[in-house]
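J.: With the input below, show me the fold.
(one chain, ligands or ions: 1)
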Amino acid sequence: MDIVLINPPNEENNNLGILPPLGLLYLVSALKSKKIDVEFLDLNINSCYERFNDILIKKEANIFGISCFTEQRNSTIGIVDKIKELIPESKIILGGVHVSFMATQILKNYKVDIIIDGEGEITICEVVKALKDNEDLNKVNGIVFKHCSNIIKTASRELISDLDSIPWPEWNVVDFDQYDFYKKYFNSFGIYPIEADEEIRGASIITSR
Ligand code: B12
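T.: From the prediction side, this is the model:
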């Protein structure tokens, strides 16, 4: 396998429930469209956690991509440490809103190799290709990375102007029965649109960025 994409556990027990990580699902489909072999694991789901341990023990992958909101920052570092302990030679890429604005601090203090700044669909494909082919990461726009003891920021990546040019999120890798977010979240604000029906589920549709 070329890369494992990981959604770390949410840390705050705010009773909002869990929802499929849309950003990562966009990356799964972008990688697949470039014939890059990817596995998606949401570590909020027990069966994915078991699979994650299995991958580490059997050393089934060498590149790991982890998504990080601010409320996932500690669990993200726990996962980074675990991967590096079991597969020290692996490369760890972080992305998401939190790490995009904390890149230098994170690279300085943790065993993270590369941070992708902003939208990831194009950049992640270029990074995986560069790592696999042992090419210079300086040529990939939109990243901050560690090289020896230096931290290098490459040229900015332009925003994707035509969102129709990227593939739809890869919903097929999601087991919707494991997600309870929409009911809990909207109930917590008292705005759940339909009278309490335990079976109702939902999914995000983002129409602009
Ligand atoms: C829509 C939205 C929601 C929706 C649905 C979210 C969903 N994804 O389905 C709802 C209303 C449910 C929601 C809820 C919440 N949200 Co909200 N939400 C957003 C919003 C507007 C868009 C998120 C989104 O889906 N973007 C589209 C996807 C494709 O983009 P993305 O996730 O950022 O991923 C891209 C890149 O970041 C990058 N990337 C991401 N991960 C990785 C990993 C790797 C390895 C790589 C390479 C790249 C990469 O590539 C992806 C594709 O380009 C953002 C603000 C914004 N403009 O980003 C806030 C935002 C994400 N939400 C935020 C917050 C705080 C929350 C809540 C905690 C609010 C609350 N207290 O209730 C809850 C959390 C619920 C939960 N349990 O997770 C904050 C997060 C702050 C932070 N620093 O982490 C944001 C940034 C708003 C803000 N400015 O404060 N949210």
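
J.: Apart from its chain neighbours, what residue comes closest to Y49?
T.: Excluding its sequence neighbours, the residue lying closest to Y49 (C-beta to C-beta, 6 or more residues apart in numbering) is L43, at 5.4 Å. Every C-beta, even on glycine, is put in place using the N, C-alpha and C of the backbone.

J.: Now do the contacts for that neighbour.
T.: 6-9, 49, 52, 75, 79 (C-beta atoms under 8 Å, 6 or more residues apart in numbering).

J.: got the residues you listed as CSV, with distance to the ligand and neighbour count columns?
T.: Output for the contacts of L43, formatted as CSV (distance: C-beta to the nearest ligand atom, whole Å; neighbours: other C-beta atoms under 10 Å):
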residue, distance to the ligand, neighbour count
I6, 8, 26
N7, 8, 27
P8, 10, 26
P9, 11, 17
Y49, 18, 14
F52, 15, 20
S75, 13, 18
I79, 12, 21
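
J.: Closest one of those to G142?
T.: For the contacts of L43, the closest approach to G142 (C-beta to C-beta) belongs to I6, at 20.1 Å.

J.: I'd like the distance between that closest one and P21.
T.: Distance, I6 to P21, using C-beta to C-beta, to the nearest Å: 9 Å.

J.: and for those two, which residues touch both?
T.: Common neighbours of I6 and P21 (C-beta under 8 Å, 6+ apart) are 42, 67.

J.: mind listing the helices for the protein?
T.: Counting by DSSP state H, one finds helices in the chain at the ranges 22-33, 46-57, 73-86, 97-101, 103-109, 121-132, 181-188.

J.: Nearest to I206 among these would be which one?
T.: That would be helix 22-33 among these, by C-beta to C-beta, at 6.4 Å.

J.: Now do the contacts for the residue nearest the centre of the chain.
T.: The residue lying closest to the centre of the chain (C-alpha atoms, centre = their mean) is S67, at 3.0 Å. S67 sits next to 5-8, 21, 23-24, 94-96 when contact means C-beta under 8 Å, 6+ apart.

J.: could I get those residues as JSON lines with distance to V38 and pLDDT?
T.: Formatted as JSON lines, these follow (distance: C-beta to C-beta, whole Å; pLDDT from 0 to 100):
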{"residue": "L5", "distance to V38": "6", "pLDDT": "98"}
{"residue": "I6", "distance to V38": "11", "pLDDT": "98"}
{"residue": "N7", "distance to V38": "13", "pLDDT": "97"}
{"residue": "P8", "distance to V38": "17", "pLDDT": "97"}
{"residue": "P21", "distance to V38": "14", "pLDDT": "93"}
{"residue": "G23", "distance to V38": "14", "pLDDT": "95"}
{"residue": "L24", "distance to V38": "10", "pLDDT": "98"}
{"residue": "L94", "distance to V38": "16", "pLDDT": "98"}
{"residue": "G95", "distance to V38": "14", "pLDDT": "98"}
{"residue": "G96", "distance to V38": "17", "pLDDT": "97"}
